[in-house]
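just the structure for this:
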Amino acid sequence: MNYVSKLTSVLSDDLAGWHKARLKPTARFVGSLLNGSLLKLTTVNFSDLALALKPGVQASSNYRRIQRFMADFTFDFDAFGQLLLRLLPQKSGFTVSMDRTNWQFGETEINVLMIGVC
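The predicted structure is shown next:
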């Protein structure tokens with residue numbers, strides 16, 4: 001899919017420290033959000049994400065790709081913030097809000113990051 005190459009290129013400008021193996025899945029996640037396939041999911045279970053991530057590929061391959069992407073990953077909030085600012089329209093009056101919360105649901109840790117543009 002052509003959007004993956006283009007989006008990977010855009011992301012690499014601001015996320016220069018990221019390896020291409022992280023940039024491409026990020027581009028696929030964003031593409032899945034844009035085409036609505038991730039928005040239809042009611043869970044972030046890797047098995048369900050694997051069905052939406054890269055159509056035409058076996059779900060087990062996507063599942064393993066997601067596992068590798070998430071393994072030992074430290075999110076660079078500063079770099080991501082710079083990327084968001086670069087992608088925003090160059091008009092004044094925008095505020096970017098970010099909130100991260102951790103919950104525990106039984107034995108399961110839930111970590112949620114929300115980013116909004118006001």
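
which residues touch residue 17?
By C-beta atoms under 8 Å, 6 or more residues apart in numbering, the residues touching residue 17 are 76, 79. Placement of C-beta: from N, CA and C, glycine included.

look at stretch 68-79 and report the distance between its end residues.
Start-to-end span of stretch 68-79 (C-alpha to C-alpha, to the nearest Å) is 21 Å.

what's in contact with it?
Against stretch 68-79 from outside (C-beta under 8 Å, 6+ apart): 14-18, 21-22, 25-26, 98, 113.

and that stretch, what's buried?
Neighbour counts using 16 or more other C-beta atoms under 10 Å place residue 69 of stretch 68-79 among the buried residues.

re earlier: can you redo the contacts of stretch 68-79 as TSV with distance to residue 70, secondary structure and pLDDT?
Shown next, in TSV, are these (distance: C-beta to C-beta, whole Å; DSSP: H, G, I helix; E, B strand; the rest coil; pLDDT from 0 to 100):
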residue	distance to residue 70	secondary structure	pLDDT
14	21	helix	73
15	16	coil	76
16	21	coil	72
17	18	coil	74
18	14	coil	77
21	12	helix	77
22	10	helix	78
25	9	helix	78
26	12	helix	79
98	20	strand	88
113	13	strand	87
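
does residue 109 touch residue 101 like I think?
No - assessed by C-beta atoms under 8 Å, residue 109 is found out of contact with residue 101, at 11.3 Å.

looking at the contacts of stretch 68-79, which has the most residues close by?
Counting neighbours by other C-beta atoms under 10 Å, residue 25 leads the contacts of stretch 68-79 with 20 neighbours.

any idea how far residue 97 is from the nearest residue to that one once chain neighbours are set aside?
Nearest residue to residue 25, sequence neighbours excluded (C-beta to C-beta, 6 or more residues apart in numbering): residue 69, at 4.5 Å. According to C-beta to C-beta, to the nearest Å, residue 69 and residue 97 sit 26 Å apart.

how about residue 71?
Distance from residue 71 to residue 97, by C-beta to C-beta: 29 Å.
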